[in-house]
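>>> Return atomic coordinates for the entry below.
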Amino acid sequence: MDRTQRDAIERLLLREREKIQRSIGRFQQNTAQSRDAADADLSSYSFHMADQGTDAMEREKSFLFASKEGRYLYRLEEALRRLYTDPEGFGICHGCKNEIPFMRLEALPHARYCLDCKRREEEDKAA
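Alright, predicted model coming up:
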């Protein structure tokens, strides 16, 4: 991978990281606002069991989305670490040690495996 391709991947990683950080920030802000609103207004508490279940499901769904984004942010940060600490080794498959095609890195800039190795890994997990 040449320098211009590495720069393009770095820009993609930084852009994705910023987008995810904003998304996680919105989740934290919305959680704090809903908690503050619930404390200030007794009418925001659900009295019907079905409403309580819906509220709990919405909170759980929000938490799951935020935790998924947190894991994605970790993978982006890890890819940036690899890029900065070993720029010449970035884009090398962790399985077969061949170069990961640039098109794959454009689509998934934090990829650690080429498609063949990733397929093998997923098949091994399924078996």
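>>> When you work out contacts or count neighbours from here on, use the C-alpha atoms and nothing else.
Fine.
>>> what ranges of the chain fall below the confidence cut-off?
Filtered on pLDDT under 70, the chain yields the residue ranges 30-52, 54-55, 58, 63, 66.
>>> Distance of the residue nearest the centre of it relative to R119?
Taking C-alpha atoms, centre = their mean as the criterion, Y72 is the residue nearest the geometric centre of the chain, at 1.7 Å. Here the distance between Y72 and R119 works out to 20 Å (C-alpha to C-alpha, to the nearest Å).
>>> Once you drop chain neighbours, what's closest to the residue nearest to the centre of the chain?
Taking C-alpha to C-alpha, 6 or more residues apart in numbering as the measure, Y72 lies nearest to I20, with 8.0 Å between them; neighbours along the chain are not counted.
>>> and the one you found, how far is that from K118?
Distance, I20 to K118, by C-alpha to C-alpha: 24 Å.
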